[in-house]
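Q: next comes the sequence, and after it the predicted model I'd like to discuss.
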Number of protein chains: 2
Amino acid sequence: MKPRAESTRRKTRIQRENRERILEAALDVFSTYGFRGATVDQIAVAAGMSKPNLLYYFRGKEDMQHGLLDRLLDIWLDPLRELDADGEPLDEIRSYIKRKLDMARDYPRESRLFASEILQGAPRLRELLSVQLKSLVDEKAKVIQNWMDQGKLAKCSPYHLIFSIWSTTQHYADFDAQLRAVLPPEKYVESRFEDAEQYLEQLFLHGLKPSI
Amino acid sequence: MKPRAESTRRKTRIQRENRERILEAALDVFSTYGFRGATVDQIAVAAGMSKPNLLYYFRGKEDMQHGLLDRLLDIWLDPLRELDADGEPLDEIRSYIKRKLDMARDYPRESRLFASEILQGAPRLRELLSVQLKSLVDEKAKVIQNWMDQGKLAKCSPYHLIFSIWSTTQHYADFDAQLRAVLPPEKYVESRFEDAEQYLEQLFLHGLKPSI
DNA sequence: GTTAATATTTACCAATCGGTAAAAAAATAC
DNA sequence: GTATTTTTTTACCGATTGGTAAATATTAAC
């Protein structure tokens, strides 16, 4: 009998292991080719499994992506959740940037999976975004707005501030191929994330105007 | 006889018109589904043409993307080319940001096409990037480094500075679906680009530290 | 207006796509 | 060790994929 994601029956060891292997492989394939570009055969090969065997664990392509996105959105939003209203504003921003940069370094496939989804108009993610993501961002935007009202942060749009942190940090995962093509090779290999951290700290704290 | 991209024979009016229609349709489809996710039939329909008829003008999917990327890279690099070594540094940075933001607003499909390509590891773009793009960035990075050496700009990595301009501006095209999900609807519809421009000017000039 | 070149349609094709049925094999319960 | 359940394999399927051959229709040259 087929095991199902929504089944309440307890999962066997093999089921847990194989579902994990499959999601790992799916993350690899989806993040590089996008949902439509990925094939079930490809994922099966990457998971070291025959296609029918894979389809014994997941009902289809859609089911795999759903399993992936579900599991990932939470991890993905954690760095923003940690933004602490009671912390020192500039420190909080700085450490948020650091956490996002660490994510880009440690979870580049996850970053690219989300980017690929959103790039294609987020058809399978739209609801999650406009509920979970939006409510979290709304909440944190208020926190940031309060900081600005208290004069502890320069006044600007909290939403666009958050966007700029997302874009600058995720860039290092999503556009990695471009960095590799453009950066001096030794910088790319040895220090792109340290350099990024240092640069972004400068940018977000002081901007580019020389202090003199 | 089949007309070919590399043919030296002069193109007829119909050839010029139809190749244009096809590239326009291909831009639409490739930018939303990525190269692998796009189908020739889909492009043909979007171009209002039968598939064999389309394949009379382009030898295949690859040929279409090559035609697109070739034509687009130039346009895409123009804003950076205009960065003037003899201009006022902060003004030059500001107007470069403005040009990139205008591109994101006016050419979102082009932005997404490049993003999709790079996200997938830039297999069909790598050479162009590591030659054309790299040499242009190297040149402009030197210009920016000079400005910093002259004390006209805060000292930081010119490369990462350029990356941060790319990421923050292109974000408004590439992650549009996310903006739509997160921003208050009226802000999204009415003023996201104006708000972005104002915010980015603040960020890149002064950062987030309150001036007081 | 005839002719030669160009453009479009019709009818295909082999390969790959996502997915299934059912038998065989392996693991587990007792 | 046997019976039962779970897992894997083998052999498929219809639909869609990228692409072609050849006949037909249209356009342009003269």
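A: Received it, and whenever you're ready, just let me know what you need.
Q: just the element for the closest residue to A:Leu128 other than its chain neighbours, please.
A: Sequence neighbours aside, A:Leu73 is the residue nearest to A:Leu128 in space, at 5.8 Å (criterion: C-beta to C-beta, 6 or more residues apart in numbering or on different chains). Every residue, glycine included, has its C-beta placed from N, CA and C. In the assignment (DSSP states H and E), A:Leu73 maps to helix A:61-81.
Q: contact partners of that helix?
A: A:5, A:19, A:22-23, A:26-27, A:30, A:35, A:38, A:40, A:43, A:58, A:96, A:99-100, A:103, A:107, A:110, A:113-114, A:117, A:124-125, A:128, A:132-133, A:136-137, A:140, A:162 (C-beta atoms under 8 Å, 6 or more residues apart in numbering or on different chains).
Q: C-alpha coordinates for it, PDB please?
A: The C-alpha trace of helix A:61-81 is given here as PDB (Å, rounded to 0.1, in the frame of the first residue of the first chain):
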ATOM      1  CA  LYS A  61       6.300  16.500  -9.100                       C
ATOM      2  CA  GLU A  62       3.900  18.900  -7.500                       C
ATOM      3  CA  ASP A  63       3.800  16.900  -4.300                       C
ATOM      4  CA  MET A  64       7.600  17.100  -4.100                       C
ATOM      5  CA  GLN A  65       7.700  20.800  -4.500                       C
ATOM      6  CA  HIS A  66       5.000  21.300  -2.000                       C
ATOM      7  CA  GLY A  67       6.900  19.200   0.500                       C
ATOM      8  CA  LEU A  68      10.000  21.200  -0.100                       C
ATOM      9  CA  LEU A  69       8.500  24.700   0.100                       C
ATOM     10  CA  ASP A  70       6.500  23.800   3.100                       C
ATOM     11  CA  ARG A  71       9.600  22.700   5.000                       C
ATOM     12  CA  LEU A  72      11.700  25.600   3.700                       C
ATOM     13  CA  LEU A  73       9.600  28.700   4.200                       C
ATOM     14  CA  ASP A  74       9.900  28.400   8.000                       C
ATOM     15  CA  ILE A  75      13.700  28.100   7.900                       C
ATOM     16  CA  TRP A  76      13.800  30.900   5.400                       C
ATOM     17  CA  LEU A  77      11.900  33.400   7.600                       C
ATOM     18  CA  ASP A  78      13.700  32.600  10.800                       C
ATOM     19  CA  PRO A  79      16.400  35.400  10.400                       C
ATOM     20  CA  LEU A  80      13.700  38.000  10.200                       C
ATOM     21  CA  ARG A  81      11.700  36.500  13.100                       C
END
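Q: now chain A against DNA strand C: closest residue?
A: A:Gly60 (2.9 Å; C-beta to the nearest atom of the strand).
Q: next one: phi and psi at that residue?
A: phi 170, psi -180 (degrees, to the nearest 10).
Q: list the residues that contact it.
A: Contact partners of A:Gly60, counting by C-beta under 8 Å, 6+ apart, are A:Val40.
Q: domain ranges for chain A?
A: Domain segmentation of chain A under automatic domain parsing yields A:13-58, A:70-206.
Q: nearest to B:Arg192, out of those domains?
A: domain A:70-206 (8.4 Å; C-beta to C-beta).
Q: roughly how far is the lowest-mean-pLDDT helix or strand in chain A from the heart of the chain?
A: In chain A, the helix or strand scored least confidently by mean pLDDT, DSSP states H and E is helix A:126-128, which has a mean of 87. Distance of helix A:126-128 from its chain centroid, counting by C-alpha atoms, centre = their mean, to the nearest Å, is 15 Å.
Q: downstream neighbour of it in the secondary structure list?
A: Per DSSP H and E, the helix or strand that comes after helix A:126-128 is helix A:134-149.
Q: which helices and strands does that next one pack with?
A: In this structure, helix A:134-149 packs against helix A:61-81, helix A:158-174, helix B:176-182, with contacts taken as 3 or more C-beta pairs under 8 Å, 6 or more residues apart in numbering or on different chains; DSSP states H and E.
Q: following element in sequence after the longest one, please.
A: Read it as helix A:61-81. helix A:89-106.
Q: now do the shortest one
A: Using DSSP H and E, the helix or strand that directly follows helix B:176-182 along the chain is helix B:185-206.
Q: now do the buried residues in that following helix.
A: B:187-188, B:192, B:195-197, B:199-204, B:206 (16 or more other C-beta atoms under 10 Å in any protein chain shown).
Q: perfect, I'm done here.
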